[in-house]
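Student: prediction below, plus the sequence it came from.
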There are 2 protein chains.
Amino acid sequence: MQRQTSQRTAIETVFRATKRPLAPQEILDAARDEVPTLNLATVYRTLKRMVEDRFLHPVELPGEPARYELQEAADKHHHHFRCGTCDSVFDLKGCVNGLSKLLPAGFHMSGHDIVIYGDCRACNA
Amino acid sequence: MQRQTSQRTAIETVFRATKRPLAPQEILDAARDEVPTLNLATVYRTLKRMVEDRFLHPVELPGEPARYELQEAADKHHHHFRCGTCDSVFDLKGCVNGLSKLLPAGFHMSGHDIVIYGDCRACNA
DNA sequence: TACTTAATGCAAATGCATTTGCAAGTGCAT
DNA sequence: ATGCACTTGCAAATGCATTTGCATTAAGTA
């Protein structure tokens, strides 16, 4: 049976506090504030478990390793913004129209991903 | 100085004949029709060279290794379609409006990627 | 045709992200 | 408070995609 450890709690807390997709190393850095001995292997083990348990959802961006966000955030259709300065990824609300117009004849669409690149608020300031 | 070898010619031919982004292994498979001894290491070396020479352009999709397409194709703004059945990637013409409406206040957009998932014409048939 | 040296094939080596073995640590049911 | 077995930390091991060393092959020029 699953145990509530301080490392798991710290990781959960990080996800609930930070409302954007996080990479394993980002999670480690943030969660170490609370549990300084936390290890990257434990982060990976916990992420894997949390995805299996549908608490987290993986977020893939072109050319980089997966980040993770709360499943409840993933349940609402949305897309992502990647800051080229701080490398953070943010959720974007909403979507666009007209995607199906891009499809060639005979192609069928089952889903889509949109990533916007640029600079975030903090990095613009 | 650069030499025109049969393997380089075969790889060029594959790209000009196949009008979609190709993964290294796909290139190997296709180019071996012409040069059966072609090796994956040579494909990688040649790809690297062709990107440096701006003959090819890398195409990154979420969660998978880079594919490559002709630079001249990349010069026209476009997006990609990935077939979930045959795993091929296709170019899509055109784009959509309204992307900047997705941006939170203070964020600045410098570019974007769109990937549509589904089944291609051949796999639907 | 002969020579110089870039390119190739093959196998071994890298570089990363991620996973795993194992001994020690620690929830939590009793 | 005790004990079982799930978790953790640490280091070593994987799994891939990609790169590299080296002996050999073969462009392209003289």
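Tutor: Perfect, I can see it now.
Student: closest residue of chain A to DNA strand D?
Tutor: Taking CB to the nearest atom of the strand as the measure, chain A has A:Thr42 as its residue closest to DNA strand D, at 3.2 Å. Every C-beta, even on glycine, is put in place using the N, C-alpha and C of the backbone.
Student: nearest residue to that residue other than its sequence neighbours?
Tutor: Counting by CB to CB, 6 or more residues apart in numbering or on different chains, the nearest residue to A:Thr42 once its immediate chain neighbours are dropped is A:Gln7, at 5.5 Å.
Student: what about the one you found, which helix or strand?
Tutor: helix A:6-17 (DSSP states H and E).
Student: could you give me the buried positions within that helix?
Tutor: By 16 or more other CB atoms under 10 Å in any protein chain shown, the buried positions in helix A:6-17 come out as A:7-8, A:10-12, A:14-15.
Student: so what touches it?
Tutor: Here helix A:6-17 makes contact (CB atoms under 8 Å, 6 or more residues apart in numbering or on different chains) with A:22, A:27, A:30-31, A:34-35, A:38, A:42-43, A:46-47, A:50, A:55-56, A:68-70.
Student: could you check the pLDDT of the residue of chain A closest to DNA strand D?
Tutor: You'll see A:Thr42 listed with a pLDDT of 98.
Student: how much space between it and A:Cys86?
Tutor: According to CB to CB, to the nearest Å, A:Thr42 stands 25 Å off from A:Cys86.
Student: neighbour count winner among these two?
Tutor: More crowded of A:Thr42 and A:Cys86, by other CB atoms under 10 Å in any protein chain shown: A:Thr42, with 17 against 11.
Student: follow-up on the earlier one: what angle do the helix or strand following the helix holding A:Gln7 and helix A:6-17 make?
Tutor: Remark: after helix A:6-17, the chain's next helix or strand is helix A:24-31, criterion DSSP H and E. On the basis of axes from the mean of the first three to the mean of the last three CA atoms, to 10 degrees, helix A:24-31 is oriented at 100 degrees to helix A:6-17.
Student: list the buried ones in whichever helix or strand comes after helix A:24-31?
Tutor: Downstream of helix A:24-31, the first helix or strand assigned by DSSP H and E is helix A:40-52. Residues of helix A:40-52 classed as buried by neighbour count (16+ other CB under 10 Å): A:42-43, A:46-47, A:50.
Student: okay, the angle between helix A:40-52 and helix A:24-31?
Tutor: For helix A:40-52 against helix A:24-31, the angle by the same axes, to 10 degrees is 100 degrees.
Student: what does chain A put close to chain B?
Tutor: Counting by CB under 8 Å from any CB of the partner chain, chain A comes close to chain B at A:60-63, A:66, A:79, A:81, A:84, A:90, A:92-99, A:101-121, A:124-125.
Student: let's go with 6 Å and repeat that
Tutor: Contact residues (CB under 6 Å from any CB of the partner chain) of chain A with chain B: A:60-63, A:92, A:94, A:96, A:98, A:102, A:106-121, A:124.
Student: give the buried subset of the residues you listed as a PyMOL selection command.
Tutor: Applying 16+ other CB under 10 Å to those, the buried members can be selected in PyMOL as follows:
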select buried, chain A and resi 60+61+62+92+96+102+107+108+112+113+114+115+116+117+118+119+120
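Student: inside helices: which ones of the residues of chain A next to chain B?
Tutor: Filtering those for membership in helices, criterion DSSP state H, returns A:121, A:124.
Student: inside strands: which ones of the residues of chain A next to chain B?
Tutor: A:60-61, A:92, A:108-119 (DSSP state E).
Student: widest-spaced pair of those residues?
Tutor: Largest separation among those by CB to CB: A:His108 and A:Asp119, giving 36.0 Å.
Student: got CSV for the buried residues of helix A:6-17, with distance to A:Asp75 too?
Tutor: Converted to CSV, these look like this (distance: CB to CB, whole Å):
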residue, distance to A:Asp75
A:Gln7, 26
A:Arg8, 22
A:Ala10, 24
A:Ile11, 20
A:Glu12, 17
A:Val14, 20
A:Phe15, 15
